[in-house]
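**Q** 3D, please:
(2 chains)
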Protein chains: 2
Amino acid sequence: MKVALIGFGTVGTNFARVLHEKRRLLKDRYGFECEIVAVSDLLRGSVHDPKGLDIPELLGLVKETNKIEGYKGGTKGLDSIRTIREVDADVVVEVAWTNLETGEPGLTHIKEALRAGRHVITSNKGPIALAYPELKRLADENGVQLRFECTVMSGTPTIMLGIDGLAGHVVNGFRGILNGTTNYILTNMEKGGAYADILKEAQRLGYAEVEPSADVEGWDAVGKTVILANSIMGTELRPGDVEREGITKIAPGDIEAAKRQGKRIKLIAQAWRDGSRVKAKVAPELVELSDPLASVSGTTNALTFETDGLGAVTIIGKGAGGVETGHGILTDLLAIHRSM
Amino acid sequence: MKVALIGFGTVGTNFARVLHEKRRLLKDRYGFECEIVAVSDLLRGSVHDPKGLDIPELLGLVKETNKIEGYKGGTKGLDSIRTIREVDADVVVEVAWTNLETGEPGLTHIKEALRAGRHVITSNKGPIALAYPELKRLADENGVQLRFECTVMSGTPTIMLGIDGLAGHVVNGFRGILNGTTNYILTNMEKGGAYADILKEAQRLGYAEVEPSADVEGWDAVGKTVILANSIMGTELRPGDVEREGITKIAPGDIEAAKRQGKRIKLIAQAWRDGSRVKAKVAPELVELSDPLASVSGTTNALTFETDGLGAVTIIGKGAGGVETGHGILTDLLAIHRSM
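**A** Alright, predicted model coming up:
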């Protein structure tokens, strides 16, 4: 299998490292052999070799020079669009940066790749949250797969659970903790501490961005909610359709009041059927301690699907991380391999 | 797709009902069309029609006469082996009764079906616990699939999570609550009550067998542990290799002592790597309340995989039930459909 990698930041480099380190295991266990034939990154440069690139050399160059232009051999300088169009690849892995407002440049990358008849794997929430129905139709028309496991709960196989694991069920709704930053803040507020101090600590640890509003105002969870609703419940929501309330107004007194009721406050992302429509909401909620979501602490994520055949099915796992996401891309790649 | 159904008890009838009720949804969503062309059950009789059997008629006959011999049309009287060998079916669904000591008659049914080049789906723990490595080789040699989602946690997609969802990971171990009866008893002992009384109540509710030793002595969980270890961790354990201790010796004082330590007693099924070997154990354990397994109450089941790429991944869901298992068989059938 030949892969073109669009984006060589945290996710791209981790995916390449995992693929390289597990080369032997993948061949022995699945008969799977894969070459990265092109890497194109706006900041770090671009290199293409139809025989396959040397991953340790690429990773070494990034470490030493923060660029891949010093790569020995190969063709340099193809931009992402030309890489997608011109490089002979079975799969385009799109892991450029995320923009939740326009979806670009990922949206264009994904459309170009699908139109060129290439399978697409992405960890990029923007394009999938904004345009899943359109992208899925484009993939179907071109007879290729569009996989996006890592857009929700990083490599934890949430999408595969919802689509394949619960195949044949009607998913009537879901409730989840889909943002690690806010769950970290809420967990630490329970231990005593004010929102602002814990946010500062989370920023120091790298769990929260310097500009934290995408997390604390609920936008990140809204994107994931739309992705789950559209891909698993078969609807066509837009981010603006989701009711949204962040955690910035939660005071220590609210946390204490919840404790006194034997409950916990969690930022819950959810969707449910209302007649023929699907509605969705991201907001803080009082959760009973008997609910599996109540015991999910720190940066861990969790999701409960409500199904007609099995009732509630819950998955709990990591919600972020470079290594985790790198593995998730590999899981998607192996799913494509199984179907070929 | 043509299915031959071996066994028409709780699982078989529920699968047939689900398949019938969801005919339209399955066609619309997956383009999936399926006929049950034969049913063979030792007690209820056997009927075969290459054009497909009328499911409501079969279910009505079972309800009224507890037999299917009164079916209008079709060929009667083929036993299970002849049904497997002679009926033109893509998939054999083996849902006859479970025997954890010999695996029979399921083991013979499955071997015959694989040798005849038919995909096999089973909910039967015996054959998979006793002979998975051999059956998997037989399936591979014949170019067909062997699927057994419902042997662990009924229709909750535990096996698919471990094999496909965590593809590319090394699963270093797992810990789970895999038996609903014992978890129901332990949960109710926490509310105050003696083992014997709660067992009696569980028997009255149908959660425990009249002869409860398969559950309370841990044998059922041992079978599931072997299935998970062999299919997901790539080892070849036998049930006798698993250390086993049931819950019959747990006294109210033990439950109280656990509470005082801020813990809970759960019957934990687990496997772990010890050098190049895999070891496994089923025994009561003190579980920290922060562990997702601690909050799993009543007949619910749960399983945590330990992976190299994602750390812990936990799934929580129903562990038993006719409708749940019927849906699980359908999920396996749709997985075969996707690969065809």
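**Q** So which residues make contact with the helix or strand where A:E112 lies?
**A** For A:E112, the host element (DSSP states H and E) is helix A:106-115. Contact partners of helix A:106-115, identified using CB atoms under 8 Å, 6 or more residues apart in numbering or on different chains, comprise A:6, A:80-81, A:84-85, A:92, A:94, A:96-99, A:120, A:122, A:124, A:126-127, A:130-131, A:135, A:138-139, A:142, A:144, A:146. C-beta: built from backbone N, CA, C; applies to glycine.
**Q** quick one: average confidence on that helix?
**A** The average of the pLDDT scores along helix A:106-115 is 98.
**Q** Flag every buried residue along it.
**A** For helix A:106-115, burial by neighbour count (16 or more other CB atoms under 10 Å in any protein chain shown) applies to A:G106, A:L107, A:T108, A:H109, A:I110, A:K111, A:E112, A:A113, A:L114.
**Q** Endpoint to endpoint, stretch A:284-296 covers what distance?
**A** Counting by CA to CA, to the nearest Å, you get 14 Å between the two ends of stretch A:284-296.
**Q** which of the residues in that stretch are buried?
**A** A:P284, A:E285, A:V287, A:D291, A:P292, A:L293, A:A294, A:S295, A:V296.
**Q** That one and chain B in contact?
**A** Yes. Stretch A:284-296 lies within reach of chain B by CB under 8 Å from any CB of the partner chain, at A:L289, A:S290, A:P292, A:A294, A:S295, A:V296.
**Q** Report the separation between the last one and B:G180.
**A** For A:V296, the distance to B:G180 (CB to CB, to the nearest Å) stands at 23 Å.
**Q** And A:A113, by the same measure?
**A** Distance, A:A113 to B:G180, using CB to CB: 46 Å.
**Q** Same question for A:I255.
**A** Distance, A:I255 to B:G180, using CB to CB: 34 Å.
**Q** show me what contacts the closest residue to A:T299 other than its chain neighbours?
**A** Take A:T299 and drop its neighbours on the chain: the residue closest to it by CB to CB, 6 or more residues apart in numbering or on different chains is A:G180, 3.4 Å away. Going by CB under 8 Å, 6+ apart, A:G180 touches A:Y207, A:G298, A:T299, A:T300, A:N301, A:G319, A:A320.
**Q** Could you break chain A into its assigned domains?
**A** Using automatic domain parsing, the domain parsing of chain A gives A:2-155+A:322-339, A:167-318.
**Q** okay, how far is it across the last one, tip to tip?
**A** What it means is domain A:167-318. So domain A:167-318: terminal residues 24 Å apart, CA to CA.
**Q** hang on, A:A280 in a strand?
**A** Yes. Assessed by DSSP: H, G, I helix; E, B strand; the rest coil, A:A280 belongs to a strand.
**Q** Quick check: phi and psi at the closest residue to it other than its chain neighbours.
**A** In space, and not counting its chain neighbours, A:A280 is closest to A:A271: 4.1 Å by CB to CB, 6+ apart. The phi/psi pair for A:A271 (degrees, to the nearest 10) reads phi -140, psi 150.
**Q** Name all residues that make contact with A:A271.
**A** Contacts for A:A271 (CB under 8 Å, 6+ apart) come out as A:G173, A:F174, A:T225, A:L228, A:A229, A:M233, A:L237, A:V278, A:K279, A:A280, A:K281.
**Q** so which of the contacts of helix A:106-115 also contact chain B?
**A** With CB under 8 Å from any CB as the criterion, the contacts of helix A:106-115 include none near chain B.
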